[in-house]
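**Q** one predicted model, sequence on top.
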Amino acid sequence: MAERSEPVLQVRDLHKSFVLHAIGGRRIEALRGIDLELYPGEHVALVGSSGAGKSTLLKSIYRTYLPDRGEVWLRPDGRDPVDLLSLDERSLAARRVREIGYVSQFLRSEPRRGVLDSVTRAGRRRGLTPDDAAEAARRMLQRLGIGEALWGTFPTLLSGGEKQRVNLAAGIICPPPVLLLDEPISALDPANRDAVLELIAELTDGGTSVLAVFHDLAAIERLADRVIRLDGGRVASVGRPTDILTELTASIGAHR
Amino acid sequence: MTLVQPRPSAVERLAGGEPRRALLDELSKREIRRAVLTAVAVPGYQVPFASREMPVARGWGSGGLQITLAVIGSDDVLKVIDQGEDAGVNAANLRRLVADASGVATTTVAGEATVIQSRHRIPEEPMRADQLLVLQVPVPEPLRGVERDMTELRRMHAETDYARMWVSLYEDLVRNGVITQTPGYPCLVGGRYVMATTPIPRWDIPKLHRSEHLSLFGAGREKRIYAVPPHTDVEPLTFDDVPFEVEQPDGACCHRCGSGSPASAVSSFLVELPSTGGAGRWVCSDTDWCARRTEQTSRYGTAAAGGPVREHEEVGR
Amino acid sequence: MTPALQVEGLGKIYGPGGAADVAGTGPDHGRVVSPSSGGVVAAWDVSFSVGAGEALGIIGESGSGKSTVLRCICGDETPTAGSIRLACVDGGGRDLTELGASARRALRIDRLAVVYQDPAEGLDLRLSAGGNVAERLTAAGWRNFGGIRSRAAELMRRTDVPLDRMDDPVKEFSGGMRQRVQLAKALANNPPVVLLDEPTTGLDASVAAAVLDLIRDLLDELGVAAVVVSHDFSVIELLTQRALVMQHGRVVEAGLTDQLLEDPQHPYSQRLVGAARG
């Protein structure tokens, strides 16, 4: 963790609401002015009760959700910062390939594409040569416990846990400087969960900055440098994992 | 049938002489000559013209006939062939018709003629700059086989869009291993228009390429005239790696003049004579050329190496 | 850098009327027929650009104008308004709508390829599969039979058409196979821009999926700029990174494809996504 350097990701006053035209234009305020920084090599965990806006925040940063207003400054590798929200779509699509990645909890694997092929293509999109990409994909899948027997199968035929690991492999092969992880271990058994956490720890050691949502408090304790607690679309508190988790447990207790 | 000639009227007697039967009036001839001039100016381009009714059925040479009638002058000498022979029924009739209408002299000797009208052949003897070849064309549109729509055809010619013509050759090669199209092999004229050489055999196509003479093509039914001026490129459409080949039956030679035999230095377009015995016999399609070669052979012995009239290098290519 | 394809203010009116008669049409009025002229404003004020290696989707119901836009770009229709530029034509300095019909057609040989929903529109069904590819190649000046054969075979392999069927007439092919041949033909001369108009609509689900996968692989590998028109969100989702939503001849929303699917803004887009997602 290098707090003194420039943040690699900086979110300023991010607002996001949903207007549901089908039900009379009802407006749902999901994010009400979020500010946060993510520093190079830092792992920041987002916590909060469901509906607090954790996933919405990740998607709004990645612009899968279109924020109402605010700024999301990306400063990859010390280059000039760029506001993702003001980028045109083509430039944003290009940045998504090389500079900011997103791995969702949902198992949205590409249909009808073999496991190895899927992960290899992800590597090729990030600029690896065909051989390097295939090699990296094999290593990644092996590390995540996806055996060679499954490499030719379509991800749709895999179990939830397997799918999630394939998804993750595609997301972190040749990792971008900023990685957004949305519950990447929710469907994993303990052994595989440990393998994934170890891998994520290695990523941050290698300089990748991670903004993640985990349900698993042990995982947060193990990986996170800082924790941001969201509540009602706002940042409720920021701090070290132990402090925030204590606070979180207390607040859950209080609710009871 | 004998026509009962009425007694000449006083006016006719005053006018004197036997009036010729004019198949075309002078204005019509002029219109056709204009079309011919346009055709010469744009080699290979099909010029529309107001095809007249002729005393032959359309499709029986009415287009060639109109061109010949329009361009022939009193001092011309006419030769008409259909296949290679002068004696064919249609050739003989057309020859008499033109001679009757224009009063020109006729011949069967290619070298003596100044205008040669033909349907299926170009004479074996190379034509000279002072000679004119008129070809009767049944289907002037080379792209007819690949497109029926007239507007689209015009567009294809205008844009030199001949891809589909090439594809038809491609398909022919794929299906048959050779390009089967003969006669009427498509040729690119002057590097611009694809022209139908219908219905001359492939054998005669090289005779159009950079020729000394002017060739005029007339299609009476389709109302089109086109031309290949002297010294114009006429290139059969061929793939680089599939050479253009003329029809030449293996080992066949003319049983009269010996053309095409190993002993003969010349070859000619041969046709098979029908026979009841089974073994076909071949004979020159150009009867005039063959007859004079045979004559020379009998007169000077066997060494009829050259063409029949002049000693020239080679006939055909 | 000039994008491979740039469309600005494109409009097409069928029937009477001009730009002045566009008023009163579009999503706000729920109609495409001009109240003043009676002309059909099939598309109006459509602008977008597509870069090399990028695929843009245009989604909407039938009659929304998406196919009209495609037909205006490829030259099947003459637009009433707007400009179309290709990076490969005078470096984008030339508005294609100013070109003559013949120059526009010439672009179709090797710069701008279209894959139609109906293979009969893009293919000559009487010709063999190889012959259809040969048409494109000979149009581009290929004159070597062996060369044409091997290039056609290469394209058949690439589009998963069995080689032993290369010389069969396309009319004997199944719908999915015809679509593969159409792809082979479209890609024959490596065009930098490829337009796909409902490329899998009308095919059986399993066949459609296979053709779709083929298109996805081709787009991945060839680095072309592609425009994919479809009414089917799954097609747009699989093939494109960005998309436009069209309704009543207008673009009502444009964005990244995942954003349009997960967070559609316009009421019509929300309805479309809602219907697609169940």
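**A** Looks like it arrived, so ask away. Since the model is a prediction, treat every value here as computed from it, not as a measurement.

**Q** what sits against the residue nearest to A:E89 when sequence neighbours are not counted?
**A** Distances taken as CB to CB, 6 or more residues apart in numbering or on different chains place C:R242 nearest to A:E89, at 4.9 Å, with adjacent residues excluded. No exception for glycine: its C-beta is placed from N, CA and C like everyone else's. Counting by CB atoms under 8 Å, 6 or more residues apart in numbering or on different chains, C:R242 touches A:89-90, A:93, C:54-57, C:254-257.

**Q** phi, psi for C:R242 please.
**A** phi -130, psi 160 (degrees, to the nearest 10).

**Q** try the one 10 residues further on
**A** C:V252 adopts backbone torsions of phi -100, psi -20, taken as degrees, to the nearest 10.

**Q** next one: it from C:D45, what distance?
**A** Distance of C:V252 to C:D45, computed by CB to CB, to the nearest Å: 11 Å.

**Q** who has more neighbours, these two?
**A** When neighbours are counted by other CB atoms under 10 Å in any protein chain shown, C:V252 and C:D45 differ, and C:V252 comes out ahead with 21 against 17.

**Q** against B:D233, how distant is that one?
**A** Relative to B:D233, and taking CB to CB, C:V252 is found at 58 Å.

**Q** ok, which stretches of chain C are helices?
**A** C:66-74, C:101-110, C:119-122, C:129-139, C:145-158, C:175-186, C:205-222, C:233-239, C:257-262, C:267-277 (DSSP state H).

**Q** export the ones you listed to CSV and tack on mean neighbour count, mean pLDDT and distance to chain A?
**A** Converted to CSV, these look like this (neighbours: other CB atoms under 10 Å in any protein chain shown; pLDDT from 0 to 100; distance: least, CB to the nearest CB, whole Å):
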stretch, mean neighbour count, mean pLDDT, distance to chain A
helix C:66-74, 25, 96, 18
helix C:101-110, 16, 93, 23
helix C:119-122, 18, 95, 22
helix C:129-139, 27, 97, 24
helix C:145-158, 18, 96, 16
helix C:175-186, 25, 96, 14
helix C:205-222, 17, 90, 5
helix C:233-239, 21, 92, 7
helix C:257-262, 22, 94, 5
helix C:267-277, 17, 89, 4
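
**Q** low-confidence ranges, chain B, go.
**A** B:1-6, B:8, B:12-20, B:278, B:300-317 (pLDDT under 70).

**Q** show me it divided up by domain.
**A** According to automatic domain parsing, chain B comprises the domains B:10-140+B:197-235, B:143-183, B:247-309.

**Q** what residues are up against C:L155?
**A** C:133, C:184-185, C:187-188.

**Q** closest to chain B among the residues you listed?
**A** C:V133 (9.4 Å; CB to the nearest CB).

**Q** the closest one contacts C:K185, doesn't it?
**A** Yes: counting by CB atoms under 8 Å, C:V133 does reach C:K185; the two are 5.3 Å apart.

**Q** one step back: let me have the helices of chain C in TSV, extended by distance to B:A113.
**A** Output for the helices of chain C, formatted as TSV (distance: least, CB to CB, whole Å):
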stretch	distance to B:A113
helix C:66-74	55
helix C:101-110	43
helix C:119-122	52
helix C:129-139	40
helix C:145-158	40
helix C:175-186	51
helix C:205-222	62
helix C:233-239	69
helix C:257-262	76
helix C:267-277	79
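
**Q** which of the ones you listed sits closest to A:V210?
**A** helix C:257-262 (20.5 Å; CB to CB).

**Q** quick one: distance of that closest one to the chain centre.
**A** 21 Å (CA atoms, centre = their mean, to the nearest Å).
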